[in-house]
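Participant: Coordinates for the following, if possible.
(chains A and B)
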Amino acid sequence: MLINCGLYSFYLSTKIPAVIHNTQLIYGDSSSVEVVADFNLSLTSTSLLRRFFKPQVSFHCDQHSPFKPLPQSQAYALLEWGMNWCVAAHDFSHFLLHAAVLVKNNKAILCPASPGSGKSTLSAFLGLSGWFVYSDEMAIIDIDSQNVKPMFRPVCLKNDSIELMKNWHPSAIITPVCRDTQKGDVAHVKVLSWQQYQQLTPVPITALVFPKFKTGSELKLYKLDQLDAFSQLSRNAFNYNVLGKTAFTLSADIVSRAGIYQAEYSDLTQLATFFDELVQA
Amino acid sequence: MLTISPQQLLLYLAQPERCLTLSLNNWQQIILLFREAKLLASLAAVLERHNLLVSLPEFAKRHLISSLVYADRQAQQIKFECRELQDTFIKAGIEPIYLKGAAYTLANTQNSRGRICNDLDVLVAKAELGASEALLKQHRWKTDKLNSYDERYYRKWSHEIPPMVHLLRGTVLDLHHNLYLPISGRAADMSIFFNLVIKTTSGATVLNPEAMVLHSIIHLFMNEETQSAMRDLWDLHLLISEFNSTDFWQKLHKLADSTGFNLELKYCLAALHHYLGPALDPMLRSYYEVNACNKLWVRNILIPALIPDHPLVCNWQHRWAKRLIYFRGHWLKMPTHILISHFVVKSFFGCRDALFGKYHFNSKGPD
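Facilitator: Numbers count the residues shown, from 1 in each chain, chains lettered A, B, ... in the order given. Predicted structure coming up:
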């Protein structure tokens, strides 16, 4: 089956029912007419014995398997991570940053942050309330225009945020939970329809916000200096080492043009208000 | 499904204007195949050199340019690592010779642009091996822990020591003291090769044209692995085209004779004739035809085994050919009694992994 993520497309062969079901749920409304796949993926059982005893599934991109196999119950999460890996390991025509990309009024806010900062929850929250999520994990930045491009992907929710999201948005499309993965319990939530996605265009980066979730904290904002932001960007880039000088110049340009903030928060609505201010005017 | 015959693969590189008529579906296959063969960036480099990249569909261009960015970055890294190594070795009075990919990049040969390497190959004299290894260890190169069998394999029988990895940069270095395994009885007389060297403009030492080509031939045609065979054959084609002269051929034949690799040279000419025939200069083509080894097994096993290991081109016959070359490669490497025990050990691990899955006993992730 073909998975069209807009910017990239994947051909997937698998017999695992949960994967087929979730793929339909998340990507089913996209068009696969006249699309050639960038990557050939498969999700298969690892060995003869393993088919009957603690079944495992392994991810292949064409002939290669970059990860260790996982329990079959985590197959869909493995697919989503595998798709990220394909892009990060092969696309050197863009600058790829480990960051959530949130867009409103044709302005992008990038949240480059380490796992656990709450950027996925934030992405899902904003994505379901008027913002466009260009990605919850990977900013795809055009090297020439320095604009960030949209991907048609779900947001990966972890642990408690899955239930929170279900309560806030009972009608949201969320995949069944994969339990006990490396990142804990995960589920994927659809934040864009294909129709919406097709309206999206590359947009300039207005601000860099480094979110930090802290239980019970009021929203606290700090201005970060450019040097800090630069070092964070270079550390969070997937292909900084390959792009070399290009990535260096690009990071420097981004931090010199964008507003840079660190935001400590516990209440997403407070943070959302601040984000709204950033993209006004 | 497949619209490209395996025999035509290298022709896309040798006659890049063929790429202009490829459909998007063809491109999809070419990209998968060439990536697997480690030739995607080489194709990009050729297309760029002929100013053809701009005329290609966006889909193809994106993948080709990405692969070239990666390869260029690797070339930059090779130059950097070699500068570092050069400093380290020269202070200790050792003159390392760079081999294969590193040598192509340092010597800036035609095939170097877009060439993907797995590791850095460096050659030193046997007498300097211990000192060189100690020196590298002082400079943050370390050896990954091997099981005792593999460790003994390298130390006792091989022409190189176990691969070393740079602690900070992760670069992999193979330190050689010969071009082929001494245990095989076919190892080259290294005193000949150590005299056939030249200096690159950056001051690094590499093998001279005939020695460079012969080493590349030994590597390709005495090897049990055929994974990168097409890339190696493309290397040979470009190197030979670059060095091509009466003098070069005389020296190459003389060297192959004196080191006992004459037959391998003839295999090489057969393979080049088979895969690049229509693109060859007529003089070279008839020269290959006359001098190639045309034995039945070369045509039916050796040549088919060189195609990329990818289901788009590899049918059961190719897979059998690859398997036979795999056994031949081992048979060439070791005397029979050692070979038998080697296969017993290796097949035990193989069966175990097939039953329980590759990572059941192995805490290390995939490469």
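Participant: pLDDT weak spots in chain A?
Facilitator: In the predicted model of chain A, residues A:47-52, A:116, A:281 satisfy pLDDT under 70.
Participant: The residue nearest to A:Thr14 when sequence neighbours are not counted: helix or strand, and which one exactly?
Facilitator: Sequence neighbours aside, A:Leu43 is the residue nearest to A:Thr14 in space, at 4.1 Å (criterion: CB to CB, 6 or more residues apart in numbering or on different chains). C-beta here means a position set from N, CA and C on the backbone, and glycine is covered the same way. Assigned by DSSP states H and E, A:Leu43 belongs to strand A:39-45.
Participant: Can you name every helix or strand that that strand contacts?
Facilitator: In terms of contacts (3 or more CB pairs under 8 Å, 6 or more residues apart in numbering or on different chains; DSSP states H and E), strand A:39-45 is packed against strand A:9-14, strand A:56-61, helix A:75-90.
Participant: Would you format the ones you listed as JSON lines with mean neighbour count included?
Facilitator: Converted to JSON lines, the helices and strands packed on strand A:39-45 look like this (neighbours: other CB atoms under 10 Å in any protein chain shown):
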{"stretch": "strand A:9-14", "mean neighbour count": "18"}
{"stretch": "strand A:56-61", "mean neighbour count": "21"}
{"stretch": "helix A:75-90", "mean neighbour count": "21"}
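Participant: Rebuild those as TSV, extending it with distance to B:Phe89.
Facilitator: Formatted as TSV, those follow (distance: least, CB to CB, whole Å):
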stretch	distance to B:Phe89
strand A:9-14	46
strand A:56-61	38
helix A:75-90	33
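Participant: who in the stretch 1-150 of chain A is up against chain B?
Facilitator: When proximity is defined by CB under 8 Å from any CB of the partner chain, the stretch 1-150 of chain A lies next to chain B at A:36-38, A:40, A:46-50, A:56, A:62-63, A:65-69, A:90-93.
Participant: tell me the SS of the residue in the stretch 51-200 of chain A that chain B sits nearest to?
Facilitator: Per CB to the nearest CB, A:Phe92 is where the stretch 51-200 of chain A lies closest to chain B, at 3.9 Å. Of the three states, A:Phe92 takes coil according to DSSP: H, G, I helix; E, B strand; the rest coil.
Participant: Would you mind confirming that it makes contact with B:Asp72?
Facilitator: No. Shown here, A:Phe92 and B:Asp72 do not form a contact pair, counting by CB atoms under 8 Å, at 9.4 Å.
Participant: the more surrounded of the two?
Facilitator: Applying other CB atoms under 10 Å in any protein chain shown to A:Phe92 and B:Asp72 shows that A:Phe92 carries more neighbours, namely 26 against 18.
Participant: so who does that one touch?
Facilitator: By CB atoms under 8 Å, 6 or more residues apart in numbering or on different chains, the residues touching A:Phe92 are A:Asn239, A:Val242, A:Leu243, B:Ile65, B:Ser66, B:Ser67, B:Val69, B:Tyr70, B:Arg73.
Participant: what comes up buried for stretch B:195-213?
Facilitator: B:Leu196, B:Val197, B:Ala204, B:Thr205, B:Val206, B:Leu207, B:Asn208, B:Pro209, B:Glu210, B:Ala211, B:Met212, B:Val213 (16 or more other CB atoms under 10 Å in any protein chain shown).
Participant: how much space between the fifth one and chain A?
Facilitator: Meaning B:Val206. Between B:Val206 and chain A the computed distance is 25 Å (CB to the nearest CB, to the nearest Å).
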